[in-house]
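Asker: Starting from these lines, generate the structure:
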Amino acid sequence: MAASTLTEVARLAGVSPATASRVLNGSARTPGPDIAERVRKAADSLGYIPNAQAQGLAKSSSGLIGLIVHDIADPYFSAIARGVQAAAQNQNKMVLLATTAGSPADERAAVAAFAARRADSIVIAGSRSARTADRQGNAELAAELDRYCRNGGQVGVVGHAVVGAETDEGYHVVEVPNEELAAALARELAASHAGEFVIIAGPEGLLTSDDRVRGFQRGLADAGRPPADVLHTGFNRSGGYEAGVGLAARIGARGEGSEKGRERGETGPETAGRRRLCIFAVNDVMAIGATAALRSKGLRIPRDAAIAGFDDIETLRDFRPALSTVRLPLEEIGRLAVPGAGPGQAAAGTVGVTGEVTLRRSTEPPGD
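Answerer: Model prediction:
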């Protein structure tokens, strides 16, 4: 006769697989006595035999935390990684790192590798994807993570919940109000910029990018302004550079007009402001790439165009002109993403963070 599964035991007992696992595999996090008794009776009636590997994961700590990021060279992810490392040190644990370029299939492989090494928890940082091309990868990643949680593991996710996850138990989400913060940035920029707006966004279906685009468009509408044009490109510096090259001709004509105006003595910021584009790149590294592309074509920020980013990565300290952006507490996000890292923080559930619009030289009127 085929062995009964944990899912069958959970169904008969009327509890989730994660709860049944905590009872049968010896986790320190056990439910009430009545629920535990119901689970044990269901297991006995079905002849369920606990999995030794699952028991080992539930009962003991390996002292390891798995961290999955898109690109550790990206300052956004390196800042989050520092926060994860700080939380790990507080728990006397070590961090294992995997970089995946945002591929759900590679993320699934990393989860499987961390689970095989009995990592106590896994943190996933990087935008979730709703793209059709990622549908199968998302399903396989969710199944791998659900399996890990059923066996007693804990998962921290930055930004959005895992696409396709079948349970909330074992998952811990750090929510970032991307849409609200992008709307606030748009309203601030609309108050000082009279020209058109352009958004440099990541691929459609990338949830973080989509949230920021939607928020920025809402902020423009709140200010009584028409929607911005949206250019979709890679969600990285190279994508920003590519979009910047495409915008250079459009901005260049305005820049030449500004030069001629200056030769005629027309240097007022209001006149120049009406001629400039204001560019919103949905992350800072894209804004840096776009600025580099404009410079390569002889255009200058903020004289010929205004530009803003999002995240306030550490690299901006040395970037000129100083880049307007939305400041996020990146290291704190990393720390909070580790399940159980904060005082009184539950191993599963949701915690929120906030950010702050920070306007700098890159969006000032050129005459200031």
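Asker: helix or strand right after the lowest-mean-pLDDT helix or strand in the chain?
Answerer: One helix or strand of the chain scores below all others by mean pLDDT, DSSP states H and E: helix 269-275, with a mean of 42. Next in sequence after helix 269-275, counting helices and strands by DSSP states H and E, comes strand 277-281.
Asker: show me where pLDDT drops low in this protein?
Answerer: Within the chain, the segments meeting pLDDT under 70 span 1-3, 26-30, 50-60, 252-275, 341-348, 367-368.
Asker: quick one: the strands in it?
Answerer: In the chain, strands defined by DSSP state E lie at 64-69, 94-99, 121-124, 154-158, 171-175, 197-201, 229-232, 277-281, 305-308, 325-327, 349-352, 356-358, listed in chain order.
Asker: Do you have the helices of the stretch 1-150 of the chain handy? List them.
Answerer: For the stretch 1-150 of the chain, applying DSSP state H, counting those that start in this stretch gives helices covering 6-13, 17-24, 33-46, 52-59, 75-90, 104-116, 135-150.
Asker: Go through the ones you listed and name the closest to residue 125.
Answerer: Among the helices of the stretch 1-150 of the chain, helix 75-90 comes nearest to residue 125, with 4.9 Å by Cβ to Cβ. (C-beta placed from N, C-alpha, C; glycine too.)
Asker: helices or strands up against the closest one?
Answerer: With contacts taken as 3 or more Cβ pairs under 8 Å, 6 or more residues apart in numbering; DSSP states H and E, helix 75-90 sits against strand 64-69, strand 94-99, helix 284-296, helix 330-337.
Asker: In contact with residue 222: list those residues for me.
Answerer: With Cβ atoms under 8 Å, 6 or more residues apart in numbering as the criterion, the residues that contact residue 222 are 183, 186-187.
Asker: same check, this time on residue 101
Answerer: Contacts for residue 101 were tallied using Cβ under 8 Å, 6+ apart; they are 70-71.
Asker: quick one: it from residue 231, how far?
Answerer: 21 Å (Cβ to Cβ, to the nearest Å).
Asker: same thing with residue 127?
Answerer: Noted for residue 127: a distance of 18 Å to residue 231, by Cβ to Cβ.
Asker: Please identify which of those two sits among more neighbours.
Answerer: residue 127 (22 against 19; other Cβ atoms under 10 Å).
Asker: about what we covered before: tell me the most buried of the helices of the stretch 1-150 of the chain?
Answerer: Stretch with highest mean neighbour count among the helices of the stretch 1-150 of the chain: helix 17-24 (a mean of 25; mean count of other Cβ atoms under 10 Å).
Asker: For that one, which helices and strands make contact with it?
Answerer: Contacts defined by 3+ Cβ pairs under 8 Å, 6+ apart place helix 17-24 against helix 6-13, helix 33-46, helix 52-59, helix 135-150.
Asker: Tell me who's in contact with the residue lying closest to residue 14 once chain neighbours are set aside.
Answerer: Spatial nearest neighbour of residue 14, excluding adjacent residues (Cβ to Cβ, 6 or more residues apart in numbering): residue 38 at 7.1 Å. By Cβ under 8 Å, 6+ apart, residue 38 lies in contact with 13-15.
Asker: And residue 359, by the same measure?
Answerer: Taking Cβ under 8 Å, 6+ apart as the criterion, residue 359 is in contact with 188-189, 308, 324.
Asker: among the residues you listed, which are in helices?
Answerer: Among these, the members found in helices (DSSP state H) are 188-189.
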